[in-house]
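Engineer: The sequence and its predicted three-dimensional model are supplied below.
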Amino acid sequence: MKLDFIEEPELEFGGLRRHVDIRAGLTAYGPLDAPDGVSRKIRVGFVGTQQTIDGIQRWLERCNGGIKAKASKQPNLFPDFPGFGHDSPFRAEFETDSSLTRVISAKELRELSLKNHYAALSGGVDLLAREVRAISEAGRPSVVIVAIPPELMDLDDDDQEATDSALVPSQKESSKEEGSELGYAFDLDLRHMLKAEVMKMNQPIQLVLPSTYGDGVKNTRGRSEAKTRLQDEATRAWNFYTALYYKASYRPWRILRNTSDLQTCFVGISFYRSLDKENVMTSMAQVYDQRGEGVIVRGNPVKLSKDDRQPHLSSADAYSLLSSALKEYRREHKHAPARVVLHKSSSYSKDELDGFNRATDEQDIETSDLLVVAPANTRLFREGSYPPLRGTMLSLDAKTHLLYTRGSVPYYSTYPGLYVPRPLKFYIAQGDESPRKLAEEIMALTKLNWNNTQFDGGEPITMRVAHQVGKVLKYVGSNGVIQPGYSFYM
């Protein structure tokens, strides 16, 4: 066994200047692609009741002037939000008009309340989607903010937040409601259903709950809306505005690429269960470069073997999926990558290795690293009361390694999590690069989460996206519209 430490990766911001911290980098240097001396206009639409639209608009006006951080002994963990506008670090401002606002009436919500659960949930999705479509056809904004009415939150079987930006990390709980004539109502989720429906319109949306912009908000049944602790207001503003900036097709930051590095395509391959709960899994790939430009590719359904309960692709399906992913990369970048790094959530079968290698060979890609990336059960203990440092790496053998992507962070002067962190385990099924280089890349990829500006994300973006994308794609039929951009799923 060998113990090592991976330094915190730097990111690139405006002027190609660097910093390890997202919020400090944005404050000091601005976004990666912000033009000097020019303020961008981001057209924004609004859907909701008059009450929820007024609430989110008042909060946005408040945030535009900046939000003071909460009192803390860790100022790097809880910085001020510097505001949003022409003179802000973002160098962008929102614009809207009456044609980009659609108000849902109380009458329409009362009519939904008279229906059974599934009909009301489906009706709520249709109602919101109809208004998003009207805005998109009227003015084609960059993003439509959907301020969810409390009445529709009661219909959601999965009571989790509408956006990661509002919650304290590691506090994402959900409640499930059993029972439906359809047999799978416990899986129905308004947020994911709406994103699947709106995907047909090629219109990015941002869902927001009243708790994001107002304290102590209750839903119509009198329960506290959120089952989890909200982040402080400045952090909520950082995350909300960064997500909107990204959904407007701009790039706040990117991971650092050394000039000596090969042009690399990072691919994450994972599986999700179909909505009917049959033993059918569908594969998907997410393709990334150093800028974090992601492309979603859906593969074919696969069945679980009686001998191996992990999902595996046939050789033909593995070849087809990676070939499609590499073609998307070429279409986006106008050239093939020199190297492919594949992160997969389950072990590699012989057929999968054969199919993946045929795909890279066909496109003359000579360098590839095929890794299994998953949470580990093994934990390390550090002297004292804090967990191991983020970046701690333990090599168990030449192929098997543990990496703490969450843990104590020197820049924050604390461990910012709430629970004992688990390391990631990465297993090198086939590789050309050193384990340390592969660990450095995983660490950097944890910092490509556009929903969260706290940089110590637990999973690389190749794996993290799988959870969000799979939850949306299961509501999209086999012939349904699949948007390739990650902004349609987050």
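Structural biologist: Structure received. Residues are numbered from 1 along each chain as shown.
Engineer: Neighbouring strands of the helix or strand of the chain with the lowest mean pLDDT in the sheet, and parallel or not?
Structural biologist: Lowest by mean pLDDT, DSSP states H and E among the helices and strands of the chain is strand 280-288, with a mean of 74. Take DSSP bridges as the rule and strand 280-288 pairs in its sheet with strand 264-273 (antiparallel), strand 295-303 (antiparallel).
Engineer: out of everything not next to it in sequence, what's closest to M201?
Structural biologist: Nearest non-adjacent residue to M201, counting by Cβ to Cβ, 6 or more residues apart in numbering: S136, 5.2 Å away. Placement of C-beta: from N, CA and C, glycine included.
Engineer: Tell me the spacing between that neighbour and L448.
Structural biologist: Using Cβ to Cβ, to the nearest Å, S136 is found at 27 Å from L448.
Engineer: Which residues are in contact with E459?
Structural biologist: Taking Cβ atoms under 8 Å, 6 or more residues apart in numbering, we find E459 in contact with V373, T405, L424, T446.
Engineer: quick one, what contacts the second one?
Structural biologist: Going back to what we said before, that points to T405. When the contact criterion is Cβ under 8 Å, 6+ apart, the partners of T405 are R390, P423, L424, I442, M443, T446, D456, G457, G458, E459, P460.
Engineer: Next, it: secondary structure please.
Structural biologist: coil (DSSP: H, G, I helix; E, B strand; the rest coil).
Engineer: So which bits of stretch 330-347 are buried?
Structural biologist: By neighbour count with 16 or more other Cβ atoms under 10 Å, stretch 330-347 contains the buried residues A336, P337, R339, V340, V341, L342, H343, K344, S345, S346.
Engineer: does the second one really touch L326, like I thought?
Structural biologist: Yes - in terms of Cβ atoms under 8 Å, P337 counts as a neighbour of L326; the distance is 7.4 Å.
Engineer: Now the common contact residues for the two.
Structural biologist: Contact criterion Cβ under 8 Å, 6+ apart; residues bridging P337 and L326 by contacting each: C265, I365.
Engineer: so where do the strands sit in the stretch 351-490 of the chain?
Structural biologist: Counting by DSSP state E, counting those that start in this stretch, the stretch 351-490 of the chain has these strands, from start to end: 367-375, 392-395, 400-403, 424-430.
Engineer: what's the most buried one of those?
Structural biologist: Scoring the strands of the stretch 351-490 of the chain by mean neighbour count under mean count of other Cβ atoms under 10 Å gives strand 400-403 as the most buried, with a mean of 22.
Engineer: which residues touch that strand?
Structural biologist: Judged by Cβ under 8 Å, 6+ apart, the contacts made with strand 400-403 from elsewhere in the structure are 6, 376, 378, 380, 391-396, 423-428, 435, 438-439, 442-443.
Engineer: List the pairing partners of that strand within its sheet, with orientation.
Structural biologist: If you go by DSSP bridges, strand 400-403 pairs up with strand 392-395 (antiparallel), strand 424-430 (antiparallel).
Engineer: The protein: helices as residue ranges?
Structural biologist: Counting by DSSP state H, the chain forms helices over residues 22-29, 50-64, 106-113, 117-139, 150-153, 190-198, 210-213, 233-247, 315-333, 350-362, 435-445, 461-473, given from the N-terminal end onward.
Engineer: got those helices as CSV, with distance to G417 and mean pLDDT columns?
Structural biologist: Formatted as CSV, those follow (distance: least, Cβ to Cβ, whole Å; pLDDT from 0 to 100):
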stretch, distance to G417, mean pLDDT
helix 22-29, 17, 97
helix 50-64, 26, 96
helix 106-113, 38, 92
helix 117-139, 33, 94
helix 150-153, 27, 88
helix 190-198, 24, 94
helix 210-213, 21, 89
helix 233-247, 14, 96
helix 315-333, 32, 89
helix 350-362, 34, 96
helix 435-445, 16, 96
helix 461-473, 16, 84
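Engineer: And the ones you listed: which comes nearest S260?
Structural biologist: Each of the helices of the chain was checked against S260 via Cβ to Cβ, and the shortest separation belongs to helix 435-445, namely 11.6 Å.
Engineer: shaky segments in the stretch 151-300 of the chain?
Structural biologist: Within the stretch 151-300 of the chain, the ranges that satisfy pLDDT under 70 run 156-187, 215-229, 277-280, 289-293.
Engineer: swap the cut-off to 80 and go again
Structural biologist: When residues are selected by pLDDT under 80, those of the stretch 151-300 of the chain lie in 154-187, 214-230, 259-260, 274-294.
Engineer: Now tabulate the helices of the chain in TSV and tack on distance to D97.
Structural biologist: Formatted as TSV, the helices of the chain follow (distance: least, Cβ to Cβ, whole Å):
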stretch	distance to D97
helix 22-29	28
helix 50-64	13
helix 106-113	23
helix 117-139	7
helix 150-153	25
helix 190-198	21
helix 210-213	21
helix 233-247	18
helix 315-333	33
helix 350-362	48
helix 435-445	39
helix 461-473	30
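Engineer: And those: which comes nearest R309?
Structural biologist: Of the helices of the chain, nearest to R309 by Cβ to Cβ is helix 350-362, at 15.7 Å.
Engineer: So which bits of that closest one are buried?
Structural biologist: D351, E352, D354, G355, F356, N357, A359, T360.
Engineer: still on that earlier bit, of the buried residues of stretch 330-347, which belong to strands?
Structural biologist: The strands, defined by DSSP state E, take in R339, V340, V341, L342, H343, K344 from these.
Engineer: out of the strands paired with strand 400-403, which comes closest to Q206?
Structural biologist: The closest of these to Q206 is strand 424-430. By Cβ to Cβ, the value is 29.0 Å.
Engineer: Convert the C-alpha atoms of that closest one to CSV, please.
Structural biologist: C-alpha atoms of strand 424-430 as CSV (Å, rounded to 0.1, in the frame of the first residue of the first chain):
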residue,chain,number,x,y,z
LEU,A,424,-14.0,7.1,-4.2
LYS,A,425,-12.6,3.9,-5.4
PHE,A,426,-11.2,3.8,-8.9
TYR,A,427,-10.0,0.6,-10.5
ILE,A,428,-7.9,0.7,-13.6
ALA,A,429,-9.3,-1.9,-15.9
GLN,A,430,-7.0,-0.8,-18.7
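Engineer: relative orientation of that strand and strand 339-344 in degrees?
Structural biologist: Between strand 424-430 and strand 339-344, the angle comes out at 130 degrees (axes from the mean of the first three to the mean of the last three Cα atoms, to 10 degrees).
Engineer: what separates strand 424-430 from the chain centre, distance-wise?
Structural biologist: Its chain's C-alpha centre lies 22 Å from the corresponding centre of strand 424-430 when counted by Cα atoms, centre = their mean, to the nearest Å.
Engineer: Can you check what angle separates that strand from helix 350-362?
Structural biologist: What separates the directions of strand 424-430 and helix 350-362 is an angle of 70 degrees, with the same axes, to 10 degrees.
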